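>>> Prediction below, plus the sequence it came from.
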Amino acid sequence: PIIYYGTEQGFDGGDDPANREAFWTSGFNTNTNTYKFIQTLTSFRHTLSSSFFNSQQEEKYVLDDLYVYSRGQVVVATTNGGQGHQTGANVPDLPFADNTQLCDLMNSSDCVTVSGGNAQIAINDGEPRVFVPSTSSHWNNNTFTLP
């Protein structure tokens, strides 16, 4: 994924001159949801072993409003629907044993259990989901903590 200049500050971009909003005028707010989301994903990425980077992305499920893929021990679900939109599916062929619990990095109470290689994954309000096994060394008391 690509993060453009100013995404973490909520810059909208647009036509000249708005496509080059001045970064220093944002006050560099580190408390926005977007900033925290990018920070969590970036921190998590730094914890991954080389096996993740050497593994292939595998498409698992596609609808007009849902895209789910796995890469190594990570399952990502995204949508093109925004606020108020809900979608989901019973996603097949996941690379996990039965009864493996997968929890969302951003919401540790959002967990699914793999059964027969499948898991029911839902997206609400257009928010992406990044699932990792709850047995990951970074889970502590149902909270994902980063080094």
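Cool, got the structure.
>>> CA only for contacts and neighbour counts going forward, please
OK.
>>> Can you pull up the most central residue in the protein?
Nearest residue to the geometric centre of the chain (C-alpha atoms, centre = their mean): V130, 3.3 Å.
>>> did I read that right, that residue in a strand?
Yes: looking at V130 with DSSP: H, G, I helix; E, B strand; the rest coil, it is inside a strand.
>>> per-residue confidence at it?
We have a pLDDT of 94 for V130.
>>> and it, what is it in contact with?
Contacts for V130 (C-alpha atoms under 8 Å, 6 or more residues apart in numbering) come out as V74, V75, V76, A77, C103, D104, L105, M106.
>>> can you list the weak-confidence ranges in this protein?
Along the chain, the model assigns pLDDT under 70 to residues 1, 136-147.
>>> how about the strands of it, start to end?
58-63, 66-71, 74-78, 86-91, 101-104, 111-113, 119-124, 129-133, 139-140, 143-144 (DSSP state E).
>>> Please convert the ones you listed to JSON lines, extending it with distance to S43.
Listed next are those as JSON lines, based on distance: least, C-alpha to C-alpha, whole Å:
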{"stretch": "strand 58-63", "distance to S43": "23"}
{"stretch": "strand 66-71", "distance to S43": "17"}
{"stretch": "strand 74-78", "distance to S43": "14"}
{"stretch": "strand 86-91", "distance to S43": "27"}
{"stretch": "strand 101-104", "distance to S43": "15"}
{"stretch": "strand 111-113", "distance to S43": "20"}
{"stretch": "strand 119-124", "distance to S43": "23"}
{"stretch": "strand 129-133", "distance to S43": "13"}
{"stretch": "strand 139-140", "distance to S43": "14"}
{"stretch": "strand 143-144", "distance to S43": "11"}
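>>> just so I know, which of those strands lies nearest T42?
strand 129-133 (12.3 Å; C-alpha to C-alpha).
>>> I'd like the distance between the residue nearest to the centre of the chain and N29.
Separation of V130 from N29 (C-alpha to C-alpha, to the nearest Å) stands at 24 Å.
>>> cool, P92 as well?
39 Å.
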